[in-house]
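Colleague: attaching a predicted model along with its sequence, questions to come.
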Amino acid sequence: MINIIWFAMLACGVLAAAVNGDIQTVTRATISGAEDAVKTAFNLIGVIALWSGLIKIAEDAGLMQLLAKLIQPLARALFPEVPRDHPAIGAIILSMSANLLGLGNACTPLGIKAMEELQKLNASKETASNSMCTFVAITASSLTLIPTTVIALRAAAKSVNPTAIVGTTIVATAASTMAAIVADYLFRKTDRGGMKL
Amino acid sequence: MISVINFISAWAVPALLIIIPLIGIARKVPVYESFVQGAKEGFTTAVRIIPFLVAMFVAIRIFQQTGMMQYLVDLLSPVTSRIGIPDELIPLALIRPLSGSGALGMLAAIIKAHGPDSLTGLIASTMQGSTETTFYVLTVYFGAVGVRKIRHSLPAALVSDLAGFLVSTYIVYLVFGQ
């Protein structure tokens, strides 16, 4: 999908420039775009390194286990079809905790682990179970406490207050996660099992 | 509520800077070594995204400067303005569910054009942080276990993206807009 979009952006742009008789713009935009990309990344290095360092301390201090304990009751309520002591619950909780803490690299492997555990409980292996749909919808809605990359980008762009958006992000992320839970619940009722990956 | 949100924004980082190392020390973590280890990984991450940023910046820049972006925005704006998404943010809202690095590049471009502390910059920042790369999550998670029929999970995830965009706009106007 992204391949087609990327190519379409380039092709449409070149086409528009040709039609407008302004083909020089393309060359200028290409070079300035490539230069700005590296400048932006360079400005990001410091703040991203800082956050990754802090998050590593949190990880080593076992904060994820602590968080996992806190969200356990919530996870039980969201996944009523998963037996109480099944490893799937633990995997789901760890994956959500990693997302909440912003542990970028850990999120995907933990999420896949949770999906594998849910697949063991799944009656028809090619069709998503209710619990899988709920879990994926919640993960795809984003669970963020501190949007570290965005803060880094804003700091790199010389914002007077790079963290000004932390509060608004938490509100918006809570809303999008609530929407995912509600939409998952409502769509499940009207679901005809059709959509394929 | 607004003062609570501003309070959280102002205190989030200083509080974490103290609390995380404090818990670390209490739990006998070598905080300095852990920090450096993590920072090293962060450095790699920052360098690793350079190719994605180059690809996206070039495509976005061409798309914008040749006037194509404006056509697209004009085309979509009757619908999106009705549901409350500002015109400048249509490109970000379109790419966000599809590509994480693409959206990051788009956000960087918007922040550069409008300023990080402008309303547009603040809304774009909030949108980026409060939504996820929906198609990536669905493809990777379901793909990993071989599930092909994904039922209602895609529409549910897209509804949540839309909710994230709308609430981002609304809450930023509420907190920062006079």
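Modeller: Right, received. Where do you want to start?
Colleague: list the residues that contact the residue nearest the centre of chain A.
Modeller: What sits nearest the mean C-alpha location of chain A, by Cα atoms, centre = their mean, is residue A:142, with 4.7 Å. Taking Cβ atoms under 8 Å, 6 or more residues apart in numbering or on different chains, we find residue A:142 in contact with A:99, A:173, A:176-177, B:129-132, B:164. Bear in mind the C-beta positions are built from the backbone N, C-alpha and C, glycine included.
Colleague: can you tell me the closest non-neighbouring residue to it?
Modeller: The shortest distance from residue A:142 to any non-neighbouring residue, by Cβ to Cβ, 6 or more residues apart in numbering or on different chains, is to residue B:132 (3.7 Å).
Colleague: does that neighbour touch residue A:138 like I think?
Modeller: No: using Cβ atoms under 8 Å, residue B:132 is not in contact with residue A:138; the gap is 9.8 Å.
Colleague: tell me the mean pLDDT for the helix of greatest length in chain A?
Modeller: Scanning chain A for the longest helix, with DSSP state H as the assignment, gives helix A:24-60. Mean pLDDT, computed over helix A:24-60, is 87.
Colleague: same question for stretch A:148-165.
Modeller: On average, stretch A:148-165 scores 92.
Colleague: can you map out the helices along chain B?
Modeller: Under DSSP H, chain B gives helices at B:2-26, B:31-48, B:50-65, B:68-82, B:90-95, B:100-114, B:119-130, B:134-145, B:153-176.
Colleague: again, but for chain A
Modeller: Going by DSSP H, chain A shows helices at A:2-19, A:24-60, A:63-78, A:87-101, A:104-121, A:130-140, A:148-156, A:166-190.
Colleague: so where's chain B uncertain?
Modeller: B:178 (pLDDT under 70).
Colleague: from the centroid of it, which residue is nearest?
Modeller: residue B:128 (1.6 Å).
Colleague: now do the buried residues in stretch A:67-74.
Modeller: Buried residues in stretch A:67-74, counting neighbours by 16 or more other Cβ atoms under 10 Å in any protein chain shown, are found at A:67-68, A:71.
Colleague: ok, now how distant is the residue of chain B positioned farthest from its centre from residue B:166?
Modeller: Here the centre of chain B is the reference, and by Cα atoms, centre = their mean the most remote residue is residue B:28, at 34.6 Å. As judged by Cβ to Cβ, to the nearest Å, residue B:28 and residue B:166 stand 46 Å apart.
Colleague: same question, residue A:3
Modeller: 29 Å.
Colleague: same question for residue B:18.
Modeller: 35 Å.
Colleague: please identify which of these two sits among more neighbours.
Modeller: residue B:166 (19 against 10; other Cβ atoms under 10 Å in any protein chain shown).
Colleague: I'd say that one and residue B:84 touch.
Modeller: Yes: using Cβ under 8 Å, residue B:166 makes contact with residue B:84 at a distance of 5.6 Å.
Colleague: how about the backbone phi and psi for the residue of chain A positioned farthest from its centre?
Modeller: Using Cα atoms, centre = their mean, the residue of chain A lying farthest from its centre is residue A:21. It sits 41.2 Å away. When quoted as degrees, to the nearest 10, the phi and psi of residue A:21 stand at phi 60, psi 40.
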